[in-house]
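A.B. asks: only the shape, not the letters, is given here:
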């Protein structure tokens, strides 16, 4: 516990194994023809909250189940708390806590009975009362599992993972399928566990969740880590901490060319494809935007356009925005839409893969 | 908290109890259904005072002679009507006067009632014509318990019930746990795997005590079913039966992924035994060629041994073949399931 979390300290422990809670080297796993995990290296320091982020099918669950000793890798080494699953399984099971995707606890047991059963498997741990209090299930203590809401069931799963007072906690998509309020409730719970200094490894396909909870995030796609770092570092990969999105219409002339997302795509090209001579004017065309003056503005890092919606990644928003307006006006264009948001891991994923996280 | 309450084996066993007791359907099938079945069969096959058999006669003289017999109720019919009533089962015998022979009995000689009526009618007619008893005889009715149908069927129902409760109790619960990913969650915890299975067996044994005691006490009090052998040995036989079917339930559940699949498999395993193992009628009625198969079924062995114990007072030493069959059905499926069991 209490290891420093910065990158250089972790580099120093590379390969030593004693400082890291989790160490994966060259891990591979295939199911039939599908390479679920394709050569994965990961290291998680003690006390860190580490997120595996990626779309469905990226290999997150296979990775976490390999770490949990539930799936044997085809190749590579896995070290958990300095032990491996072949020789140290008995001790490891006592020292880690696990929450799996889609476990259904028996409907006809009460919350307390379920926790009492799980507590009995561990040599040491917190009391059943304590776990109920941590998961804020006091009012449901005598209630049957079948009567719990989705969020309460998920908190029960967390409580079951916590009764052994684990050094290392694995959470596989802890908030998938929960409503926003229940998600926030669960985030608060994870926050508390972080404060208590536990090492947490979680998977998620919600980038806001990863940003909110994780000290470091590995973005996975097709069984590989495509980016690794703190959320800040990853967002910096986009090149600016803000994203400006706008759509334009020509300020003189007709409104035919009004462009908005959802209009026929311009295939990412700045210049609309020319139609044959005499083509009907009903074809919606996006006005031509010359990107060069925009990219010339200091603080604009990149420009891309998708379905008529232009995206600029930008730093120093306050000075850049007026110049964008000026640049467009000088081209005879008027904005039909304009918004900005702070760059998110979603933007990172899009810039790395060209796809949205939710596309899968 | 006491030492016992923090033991994982105790907790797992208690969980099995709670889940069972909170399932009203299971309680009905295991405790109530066999009793209802015994009551139904006991009533349907009760030993009644000998029936009065309906017969017909073609002349008043014959009718008069037959009316002297208490076992017959007689009416006078002409032959055409009489033959029709015989064909439709309204009478079982028609006595027709024939001048040259005396009387002709028309009846179905494959029907036991008709054969009885033939004997009674002949005796009545011969007596009315002046025949005397050659030897002095007296009837002394004896209603022996142990020879009734209810006595025969109770061990059969007991065996059937032990089979059903053990197979469903293990098979269904395990596959349900697998389907709901609870098994996976349990093996992700430090739970000793053997305790998961042991908890099933322990809870089964406790349930067995209640189930057997309730059923047998009921049949003893209500029907006076005899217990001629050692009760301890009968208990041991029930235990062996339950273990054999628990092992079979475990085997059936060791790979199935869905509760639908395991339900089908269990019915497939149990169906031949419902028919062949002598629950409702003796298994010896099946042809000699298939007897080796019939005798090797665990339910046949169980029911044979329990009938031997209860009705004939046999001890275990006289039932070694059945005991061996039951033990084999415990050891072999159990060993196979431990090898092929799928936790995920």
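C.D. replies: That came through fine. From a predicted model like this one, the values you see are computed outputs, not experimental measurements.
A.B. asks: what are the boundaries of the strands in chain A?
C.D. replies: Ranges of strands in chain A, per DSSP state E, are A:20-31, A:34-45, A:49-53, A:75-80, A:96-99, A:168-172, A:199-204, A:216-221, A:224-229, A:242-250, A:300-306, A:309-314, A:333-342.
A.B. asks: of those strands, which is nearest chain B?
C.D. replies: Closest approach to chain B among the strands of chain A (CB to the nearest CB): strand A:96-99, 4.5 Å. Quick note: C-beta positions are derived from backbone N, CA and C, even for glycine.
A.B. asks: so which elements touch the closest one?
C.D. replies: In this structure, strand A:96-99 packs against helix A:150-162, strand A:168-172, with contacts taken as 3 or more CB pairs under 8 Å, 6 or more residues apart in numbering or on different chains; DSSP states H and E.
A.B. asks: before we move on, the earlier item: between the strands of chain A, which one is nearest to residue B:256?
C.D. replies: Between residue B:256 and the strands of chain A, the tightest spacing by CB to CB is seen for strand A:20-31, at 20.9 Å.
A.B. asks: so what's the residue count around residue B:221?
C.D. replies: The tally of other residues near residue B:221 (other CB atoms under 10 Å in any protein chain shown) stands at 9.
A.B. asks: how about residue B:27?
C.D. replies: That count, for residue B:27 with other CB under 10 Å as the rule, works out to 13.
A.B. asks: cool, residue B:65 as well?
C.D. replies: Residue B:65 has 21 nearby residues by other CB under 10 Å.
A.B. asks: returning to that earlier point: same list, the helices and strands packed on strand A:96-99, but as TSV with distance to residue B:187 and mean neighbour count please.
C.D. replies: Formatted as TSV, those follow (distance: least, CB to CB, whole Å; neighbours: other CB atoms under 10 Å in any protein chain shown):
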stretch	distance to residue B:187	mean neighbour count
helix A:150-162	14	23
strand A:168-172	14	24
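A.B. asks: for the ones you listed, which one sits closest to chain B?
C.D. replies: helix A:150-162 (7.6 Å).
A.B. asks: and the pLDDT at the residue nearest to residue A:250 when sequence neighbours are not counted?
C.D. replies: In space, and not counting its chain neighbours, residue A:250 is closest to residue A:287: 4.9 Å by CB to CB, 6 or more residues apart in numbering or on different chains. Looking at residue A:287, its pLDDT is 79.
A.B. asks: before we move on, the earlier item: with mean pLDDT and distance to residue A:240 added, can I get the helices and strands packed on strand A:96-99 in CSV?
C.D. replies: CSV is the format used below for the helices and strands packed on strand A:96-99 (pLDDT from 0 to 100; distance: least, CB to CB, whole Å):
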stretch, mean pLDDT, distance to residue A:240
helix A:150-162, 93, 36
strand A:168-172, 95, 31
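A.B. asks: okay, the ones you listed in JSON lines with distance to residue B:276 next?
C.D. replies: Output for the helices and strands packed on strand A:96-99, formatted as JSON lines (distance: least, CB to CB, whole Å):
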{"stretch": "helix A:150-162", "distance to residue B:276": "46"}
{"stretch": "strand A:168-172", "distance to residue B:276": "49"}
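A.B. asks: quick one: contacts for the nearest residue to residue A:203 once chain neighbours are set aside?
C.D. replies: Leaving aside its chain neighbours, residue A:203 sits nearest to residue A:60 (4.0 Å; criterion: CB to CB, 6+ apart). Counting by CB atoms under 8 Å, 6 or more residues apart in numbering or on different chains, residue A:60 touches A:52-54, A:172-173, A:203, A:205, A:220.
A.B. asks: and with 6 Å instead?
C.D. replies: A:52, A:54, A:203, A:220 (CB atoms under 6 Å, 6 or more residues apart in numbering or on different chains).
A.B. asks: please indicate which of those are buried?
C.D. replies: A:52, A:54, A:203, A:220 (16 or more other CB atoms under 10 Å in any protein chain shown).
A.B. asks: what sits against the third one?
C.D. replies: Right, residue A:203. A:52, A:60, A:64, A:172-173.
A.B. asks: what's the answer for the last one, then?
C.D. replies: Under the criterion of CB under 6 Å, 6+ apart, the contact list for residue A:220 reads A:52, A:54, A:58-60.
A.B. asks: ok so, going back, the strands of chain A: lowest mean pLDDT?
C.D. replies: Looking at those, the bottom one is strand A:300-306 with a mean of 83.
A.B. asks: I am finished for the moment; much appreciated.
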